[in-house]
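J.: return a 3D structure for these sequence lines:
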Amino acid sequence: MTTSASTTFPTRAGGTRPLAGTGTLVRFALRRDRLLIPVWIAVIALMVLSMPNALNSVYGTPAARVGLMRQMAANASLRAMVGPVFGDSLGALTAWRIGVYAGLLAAVMSLLIVVRHTRDEEESGRQELLSDGMVGRRAPLTAALLTAAIADAALALLITAGLAGQGGAGAAAFGLGVGGVGLVFATLAAIVAQLTASARLARGLTAAVLGAAFVLRAAGDSAADDGSSALTWLSPIGWLENVRAFAAERWWVLPLFALAALVQGAVAYELAGRRDIGMGFLSTRPGPATGRLGTAGALAWRLQRGSLLGWSLGFFTAGVVYGAVTTGAADLVQDNEQAREIFRRMGGQSAITDALLAAVIGLLGLVAGLYIVQSVLRLYGEESSGRAEPVLAGPLGRLRWAAGHLVIAAGGAALIMLLAGLGFAVGYRKDIGPILGACLVQLPAVWVIGGIAVLLYGVLPRGAVAAWGVAGAVLLIGWVGPALNAPRALLDLSPFSHLPKLPSAGMRWQPVLLLTLLAVILTGAGLAGLRRRDMSG
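T.: Below is the predicted model of the structure:
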């Protein structure tokens, strides 16, 4: 027997109470993200909180810290990478060294949360079902923004508490600034989610704006050593550094985050009230189910090409920027034995420039692990949304369907690392062959991370999101472990620690081949699990 929505729910709350059901949706969102959000918060917070001890081991004396400030004032290329430094305390150095990247990661976390609980829900059809019941028209958007705000507030609180020993006022300013960047991009993602009809496009466009904000901040900081450039002020990441945590805090900068979030939130609410569920203001061109989309690989390419394009542009740009600043960064640490030792732990025992190149390329490899997890988990997104079911109802088998996405994942990882190498060649302008080799040698470790994601998806699909935790843990070990002189046993948990440190060291084929074999085994086991289990639909 069919029961109409009006019979089941006598009064549709969306017409008279636009926020009805918001609390329930927030609880549901937090339950769905009970693993994802804590992992993001933990990784970002641990990166920040590990910095004081790491910096103290490198710049342990007031004279060393004053010397660093003088060098940074004269080193425009390195300011473009990490921003200017405003004070010689450990707290001020922490805000300088990790502030830009903490803000970037908070922004990524926030935009993913908002798009996941707005546009993703509409694409899956769940939002339409909820809107037929006792859920207000603006409740889903409100719940998504509140979920992101809760995550940003928790991150700000952890940073404030963890850095309080360096100065309570500075810790609060820095924590609020990082959370503020996250909130600005959460509300920006809310606008983009109303404009587009695709979650992929919403994530891609918001990430593109985030990349532009980083470039504006970098250009402004390279032009001025005090954060006063107009380009710096055009970027929310520039606002974060201009808070000047632990260095005569500028509290008046913090309201900029609140004002931007309020304005963007108001725009998102206005747009949400003017469109139908599942629709967007930017129309999408429908594509045929034959011809170029007639194979599993072509369909996977159509679904993932936008994301791959964004990652490709980001890695090429990062290669250009980091290649250009390599010489300046090497000059900065040339006279600091502790800093040289950290880079050598990350990049191999060799000349400081080669060790620095190896360390930076290794960090890009760690970030590529995030790309491959995202690409592999596209399989779970297609399955959980129900879109995989009609595709698999025909002659296309599960393994061929999955293989289309996995080729994009593994091949895409190779492409972005190759483009990073080409970017280094443009920025560094020498040693092109060794640098390309250093970038490509990261791939076996990246593929291992992807293999773990395939295994989790194939054997335990509801736990596939744990692959983000694996990638985050590996990123944390690779980023923070060498600076803290972590035990070798801990560093060896990361597949990246077993790779040869090109271009500063010689090539070793054994670990490369073993990691590649391990990636194949993990992927094969995941596909075997996918073949045998029921599809969730």
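
J.: what about the residue lying closest to residue 310 once chain neighbours are set aside, distance to residue 34?
T.: Nearest residue to residue 310, sequence neighbours excluded (C-beta to C-beta, 6 or more residues apart in numbering): residue 204, at 4.9 Å. Just so you know, the C-beta spots here come from the backbone N, C-alpha and C atoms, and that holds for glycine as well. Note on residue 204: its distance to residue 34, by C-beta to C-beta, to the nearest Å, is 26 Å.

J.: so if I had to pick from these two, which one is more boxed in?
T.: Per other C-beta atoms under 10 Å, whichever of residue 204 and residue 34 has more neighbours is residue 204, with 19 against 10.

J.: quick one: contacts for the residue nearest to residue 310?
T.: 306-307, 309-310 (C-beta atoms under 8 Å, 6 or more residues apart in numbering).

J.: in ChimeraX, how would I select the buried members of the residues you listed?
T.: ChimeraX command restricting the contacts of residue 204 to the buried ones, with burial defined by 16 or more other C-beta atoms under 10 Å:
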select :307,310
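
J.: from the contacts of residue 204, pick the one nearest residue 505.
T.: Residue 505 lies nearest to residue 310 out of the contacts of residue 204, by C-beta to C-beta, at 32.2 Å.

J.: the closest one contacts residue 207, correct?
T.: Yes: with contact defined as C-beta atoms under 8 Å, residue 310 counts as touching residue 207 (5.6 Å).

J.: quick one: low-confidence ranges for the stretch 301-450 of the chain?
T.: Applying pLDDT under 70 to the stretch 301-450 of the chain flags residues 327-352.

J.: which stretches of it form helices?
T.: 337-347, 352-376, 378-384, 388-392, 398-428, 432-440, 443-459 (DSSP state H, counting those that start in this stretch).

J.: cool, and the stretch 51-200 of the chain?
T.: 51-58, 62-74, 76-82, 90-116, 119-124, 126-131, 139-163, 168-195, 199-223.

J.: how close does residue 468 get to residue 306?
T.: On the measure of C-beta to C-beta, residue 468 and residue 306 end up 20 Å apart.

J.: also residue 365?
T.: Counting by C-beta to C-beta - residue 365 and residue 306 are separated by 23 Å.

J.: count the residues that sit near residue 487.
T.: Neighbours around residue 487, by other C-beta under 10 Å: 9.

J.: how about it, phi and psi?
T.: In terms of degrees, to the nearest 10, the main-chain angles of residue 487 are phi -60, psi 150.

J.: got a pLDDT number for it?
T.: Residue 487 is assigned a predicted lDDT (pLDDT) of 80.

J.: any idea how far it lies from residue 496?
T.: Relative to residue 496, and taking C-beta to C-beta, residue 487 is found at 16 Å.

J.: can you check residue 61 too?
T.: 32 Å.

J.: show the pLDDT at residue 294.
T.: So residue 294 comes in at 64 (pLDDT).

J.: just residue 483 next, same as before
T.: We have a pLDDT of 65 for residue 483.

J.: ok, now which ones touch the residue nearest the centre of the chain?
T.: What sits nearest the mean C-alpha location of the chain, by C-alpha atoms, centre = their mean, is residue 108, with 4.9 Å. The contact partners of residue 108, taken as C-beta under 8 Å, 6+ apart, are 185, 207, 210.

J.: nearest to residue 432, of the residues you listed?
T.: The closest of the contacts of residue 108 to residue 432 turns out to be residue 207 (C-beta to C-beta; 28.4 Å).

J.: so that closest one touches residue 309, yeah?
T.: No: using C-beta under 8 Å, residue 207 is not in contact with residue 309, being 10.8 Å away.

J.: hang on, isn't residue 242 packed against residue 253?
T.: Yes: counting by C-beta under 8 Å, residue 242 does reach residue 253; the two are 5.3 Å apart.

J.: list phi and psi for residue 20.
T.: When read as degrees, to the nearest 10, the backbone of residue 20 gives phi -60, psi 130.

J.: try residue 87
T.: According to degrees, to the nearest 10, residue 87 has phi -160, psi 160.

J.: residue contacts, it?
T.: Counting by C-beta under 8 Å, 6+ apart, residue 87 has contacts 69, 93, 244, 246-248.

J.: widest-spaced pair of these?
T.: Farthest pair in the contacts of residue 87, by C-beta to C-beta: 93 and 248, 15.0 Å.
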